[in-house]
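> Generate coordinates for the sequence data below:
(chains A and B)
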Number of protein chains: 2
Amino acid sequence: VSGVPTSGDERTVLERLATLLGPPPAGEVWAGDDAAVVENPPGHLLFSTDALVEGVHFTRALSSLEDIGWKALACNLSDLAAMGGRPLAAVVALCGAAAADLDGIYRGVTGAAERYGCAVVGGDLSDAEEMVVTVAVLGTTDGRPPVLRSGGRPGDRLFVTGPLGSSAAGLRLLRAGEGESNEAVRRHRRPLPRLGEGTAAAELGASAMLDLSDGLSLDLDRLARASGVGVELITVPVAAGASEEEALGGGEDYELLFSLPPGREAAGLFAARGLATPIEIGVLVGDRDRRTLRGAPLPLLGYLHRLSGGRPEGE
Amino acid sequence: VSGVPTSGDERTVLERLATLLGPPPAGEVWAGDDAAVVENPPGHLLFSTDALVEGVHFTRALSSLEDIGWKALACNLSDLAAMGGRPLAAVVALCGAAAADLDGIYRGVTGAAERYGCAVVGGDLSDAEEMVVTVAVLGTTDGRPPVLRSGGRPGDRLFVTGPLGSSAAGLRLLRAGEGESNEAVRRHRRPLPRLGEGTAAAELGASAMLDLSDGLSLDLDRLARASGVGVELITVPVAAGASEEEALGGGEDYELLFSLPPGREAAGLFAARGLATPIEIGVLVGDRDRRTLRGAPLPLLGYLHRLSGGRPEGE
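As a prediction, the model looks like this:
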């Protein structure tokens, strides 16, 4: 942990943070030195980063400080889930937060960290005009090959780990001043990284996987391009209260999209682990230009619910 | 790599980035999937993050885009150096950069990465009002115990890896519209992480170490507090063109400060590796409240050269 305190006394902030983090296990060093020292399991490491920017990914009017902290870690953990990995450690660079806001943000971060078994081991604090929370995560697949986006083959069946559009619907409700206690609003504010689901899909031999951060339509296109295949969707599972457009183009659901080779079944292992049965949504095909939904062209939507009004990509 | 493109086509940006990164070694996966997959050497891992914020850590008027990219990686590598480690991999979250600026920033990042043997394996892009470049780095000590801030003992001698104040002097010259080709200006714009020096100090049995990011006075206080010792300085090595105040309170020199137990000598190993001889500046003492320079109280200065006019900490 280093850097400029936003205001207040940095030492006090770090001591408070250390209290929230708890003591590290023997041999590890968390916040307080130049770099954290963390345990190193066998096999390759997963390493990823995602930034949340005020006005782009969140507003303080619609999300609490704890929500912001939760979401900053959760969207990073989702990237590990999408590789079939589990988290080891995270570092948090927090720019532009007032001293009085730090505690709430860190409570959100550590809340998600505890729930998903990720050690928060360090970070950085800086002044900034707007709030930017950047998390980097380290993970492991425990020796299994990571599940890439590029392994999908024609004939593989496509699944998602849950119905889609909740986050976009939740944001729509919040903007209308509604739905404080609504499930979609909760999903918008506190997305749930599908770590157990990602591990299960990897163990089942998923050929390709990614997390739905930018909408099914756009993320599906990414998986198809990386794998060099086309896609025929038979259905789009729409979450309660969401529209099909929100399910296709509203991002930040953080459900996983994965493909399974023919003959593999997901339901048994998922059920045995208390996870919801993945929903089969279509199949990969050899024609790499094909993108259909129920036989009609699949609309390419994305970023519908970005707070700053992002545009669809790829147009 | 995921996230919102700042402008332009994200795919084009990522393809260009992949060109700059070059292909990963067998078994690794860099930019293009949900998380990077990197090799995992034995021993514990070092993990750290640092953010550079426009207007706080740099301005585009005084630094080029390449300088900004270089510095963002270099200050993170410096944290690994301060643990006695070497870099393995970095991820770069870039917020608020125009599409036209990405290439310059990434060239700076990859320039530093090549020089110091750090793979840049992924990142994130987002819109933002101001530019924030957050890097996270992963490193290893190759099985050696990491050198913490807390291991200094009374009687240990204190060293720095070079004269101080260059970065602050360089900024002063730039603000005065001078010194485009000055060495101090170069050091301000492109700090040099002391990775070879950090490894050598660790091999020599350095008892405590940190990198001088916020000024000798403040960083020395951090080492002393972490180690529970006091400090008696005999000298402050001032870089050419800098003042003693800049050497004490101007940060971002990124030289290393380390302590050696009695009887250990640094000069031989450093010379054998072609590194400048560390400069002995004082000694650690048992009175933990003691902070003296040539017998007089050591002024507690810091952040003198922060662009946004940060205040001394600890007051």
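
> got a list of what the closest residue in space to residue A:175 that isn't next to it in sequence touches?
The shortest distance from residue A:175 to any residue other than its chain neighbours is 7.4 Å, reached at residue A:62 (C-beta to C-beta, 6 or more residues apart in numbering or on different chains). In short, each C-beta sits where N, CA and C put it, glycine included. Contact partners of residue A:62, counting by C-beta atoms under 8 Å, 6 or more residues apart in numbering or on different chains, are A:171, A:174, A:175, A:189, A:307.

> Break down chain A into its strands, ranges please.
Counting by DSSP state E, the segments of chain A that form strands are A:2-3, A:36-38, A:45-53, A:86-95, A:119-126, A:132-140, A:157-160, A:208-211, A:230-233, A:256-260, A:279-285, A:291-293, A:296-297.

> Reformat these into CSV and put mean neighbour count, distance to chain B and mean pLDDT next to each item.
Listed next are the strands of chain A as CSV, based on neighbours: other C-beta atoms under 10 Å in any protein chain shown; distance: least, C-beta to the nearest C-beta, whole Å; pLDDT from 0 to 100:
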stretch, mean neighbour count, distance to chain B, mean pLDDT
strand A:2-3, 26, 6, 39
strand A:36-38, 27, 5, 88
strand A:45-53, 28, 4, 95
strand A:86-95, 27, 4, 95
strand A:119-126, 26, 5, 91
strand A:132-140, 29, 3, 97
strand A:157-160, 24, 15, 98
strand A:208-211, 28, 6, 97
strand A:230-233, 20, 17, 98
strand A:256-260, 27, 10, 98
strand A:279-285, 19, 17, 98
strand A:291-293, 19, 16, 96
strand A:296-297, 8, 20, 96
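
> Out of the ones you listed, which gets nearest to residue A:269?
Nearest of the strands of chain A to residue A:269, taken as C-beta to C-beta: strand A:256-260 at 11.1 Å.

> elements contacting the closest one?
On a contact count with 3 or more C-beta pairs under 8 Å, 6 or more residues apart in numbering or on different chains; DSSP states H and E, strand A:256-260 meets strand A:157-160, helix A:195-203, strand A:208-211, helix A:216-227.

> go with 10 Å
With contacts defined as 3 or more C-beta pairs under 10 Å, 6 or more residues apart in numbering or on different chains; DSSP states H and E, the packing partners of strand A:256-260 are strand A:157-160, helix A:195-203, strand A:208-211, helix A:216-227, strand A:279-285.

> Tell me how far residue A:276 lies from chain B.
Residue A:276 sits at a distance of 21 Å from chain B (criterion: C-beta to the nearest C-beta, to the nearest Å).

> who's in contact with residue A:80?
When contacts are counted by C-beta atoms under 10 Å, 6 or more residues apart in numbering or on different chains, residue A:80 is found next to A:46-48, A:86-88, A:90, A:116, A:118, A:137-141, A:146, A:193, A:195, A:198-199, A:211, B:34-35.

> what do you get if the cut-off is 8 Å, keeping everything else the same?
Contacts of residue A:80 (C-beta under 8 Å, 6+ apart): A:46, A:48, A:86, A:87, A:137, A:139, A:193, A:195, A:198, B:34, B:35.

> Nearest residue to it in space, please, no chain neighbours.
The shortest distance from residue A:80 to any non-neighbouring residue, by C-beta to C-beta, 6+ apart, is to residue A:139 (3.9 Å).

> Can you give me the neighbour number for residue A:229?
Neighbouring residues of residue A:229 were enumerated by other C-beta atoms under 10 Å in any protein chain shown; the total is 24.

> just checking, it touches residue A:154?
Yes: with contact defined as C-beta atoms under 8 Å, residue A:229 counts as touching residue A:154 (5.7 Å).

> shared neighbours of those two, anything?
Overlap of the contact sets of residue A:229 and residue A:154 (by C-beta under 8 Å, 6+ apart) consists of A:284, A:285, A:286.

> and residue A:29, how many neighbours does it have?
Neighbour tally, residue A:29, other C-beta under 10 Å: 22.

> contacting residues around it?
So, once contact is read as C-beta under 8 Å, 6+ apart, residue A:29 ends up touching A:36, A:37, B:146, B:148.

> Nearest to residue A:25 among the helices and strands packed on strand A:256-260 would be which one?
Taking C-beta to C-beta as the criterion, helix A:195-203 is the member of these that comes nearest to residue A:25, at 20.3 Å.

> Give me the buried stretch members for the closest one, please.
Taking 16 or more other C-beta atoms under 10 Å in any protein chain shown as the basis for neighbour counts, the residues of helix A:195-203 that come out buried are A:195, A:196, A:197, A:198, A:199, A:200, A:201, A:202.

> What is it packed up against?
Under the contact criterion of 3+ C-beta pairs under 8 Å, 6+ apart, helix A:195-203 touches helix A:65-81, strand A:86-95, strand A:208-211, strand A:256-260, helix A:267-272.
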